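J.: this one's sequence-less:
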């Protein structure tokens with residue numbers, strides 16, 4: 001794989017009005033150190049607070065802020081940003097900065113070293129530094145076992161909110177993806193593998209999931225239900241209906 005010329009990084013953001021500007025600045029400081037150009041695409045997933053307005057306050061020619069009125073979910077936001085991206089490498093990272101952005105260089109190094117189609121941040125990489133509650137570990141194990149049984153993934157961890165794609169892989173995958181919320185990572189990886197992009201590798205991350213989330217705030221069962229439902233939907237479309245074939249292109253591109 002040649003050296004990176006332009007990195008596109010998508011940041012999906014929902015109800016982040018208090019922290020979005022600070023997080024953009026922190027990410028920008030990391031990206032400014034790289035020896036190549038970058039674009040940061042902030043996607044405000046709904047106008048339910050001032051996330052969009054506060055993101056716009058960070059002025060830089062390398063930063064683009066887009067948004068829309070109704071909240072659709074993280075998967076929808078990432079897809080929106082990825083299809084706008086112009087880089088030869090396209091990635092996404094969660095806005096909350098649970099994932100240390102200084103680790104991006106490690107993922108990109110893995111991308112070049114392995115000539116990867118996709119690099120996935122992984123909690124289970126032997127040198128990852130991870131803090132997250134036992135309840136989340138148990139749920140991650142259960143969902144991981146479930147998705148491996150359905151799709152036969154070779155990688156161990158599909159759910160960490162940082163991934164990088166070769167440009168063509170991103171365009172092929174995100175133009176087809178439908179899942180707007182909980183299981184979009186699984187859909188993206190299952191689609192990539194089905195399309196022949198099998199050079200998918202894991203890289204270490206440093207993350208802290210000890211803060212409040214839908215998993216730890218008493219909303220766990222609705223999350224589990226929707227994740228399982230979304231995942232079964234992916235299996236049906238991919239393995240049974242074969243919905244993602246090129247003959248269905250007009251359906252993939254519907255908003």
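T.: Looks like it came in fine. The model shown is predicted, which means the values in this text are computed figures rather than measured ones.
J.: can you give me the helices for the stretch 1-150 of the chain?
T.: 20-31, 51-56, 74-84, 104-114, 134-151 (DSSP state H, counting those that start in this stretch).
J.: mind putting these in CSV, mean pLDDT, mean neighbour count and distance to residue 191 included?
T.: From N, CA and C alone the C-beta is placed, and that goes for glycine too. Listed next are the helices of the stretch 1-150 of the chain as CSV, based on pLDDT from 0 to 100; neighbours: other Cβ atoms under 10 Å; distance: least, Cβ to Cβ, whole Å:
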stretch, mean pLDDT, mean neighbour count, distance to residue 191
helix 20-31, 96, 18, 27
helix 51-56, 96, 21, 28
helix 74-84, 96, 23, 12
helix 104-114, 95, 18, 19
helix 134-151, 86, 14, 10
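J.: now tabulate the ones you listed in TSV and tack on distance to residue 42.
T.: As requested, the helices of the stretch 1-150 of the chain are exported to TSV (distance: least, Cβ to Cβ, whole Å):
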stretch	distance to residue 42
helix 20-31	7
helix 51-56	5
helix 74-84	8
helix 104-114	16
helix 134-151	26
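J.: show me the contacts for the closest residue to residue 230 other than its chain neighbours.
T.: Spatial nearest neighbour of residue 230, chain neighbours left out: residue 183 (3.6 Å); criterion: Cβ to Cβ, 6 or more residues apart in numbering. Counting by Cβ atoms under 8 Å, 6 or more residues apart in numbering, residue 183 makes contact with 75, 227, 230, 231, 233, 234.
J.: out of the residues you listed, who's nearest residue 2?
T.: Proximity of these to residue 2 was ranked by Cβ to Cβ; the top entry is residue 75 with 29.7 Å.
J.: please name the nearest non-neighbouring residue to that closest one.
T.: Here the residue nearest residue 75, using Cβ to Cβ, 6+ apart, is residue 184, at 2.8 Å.
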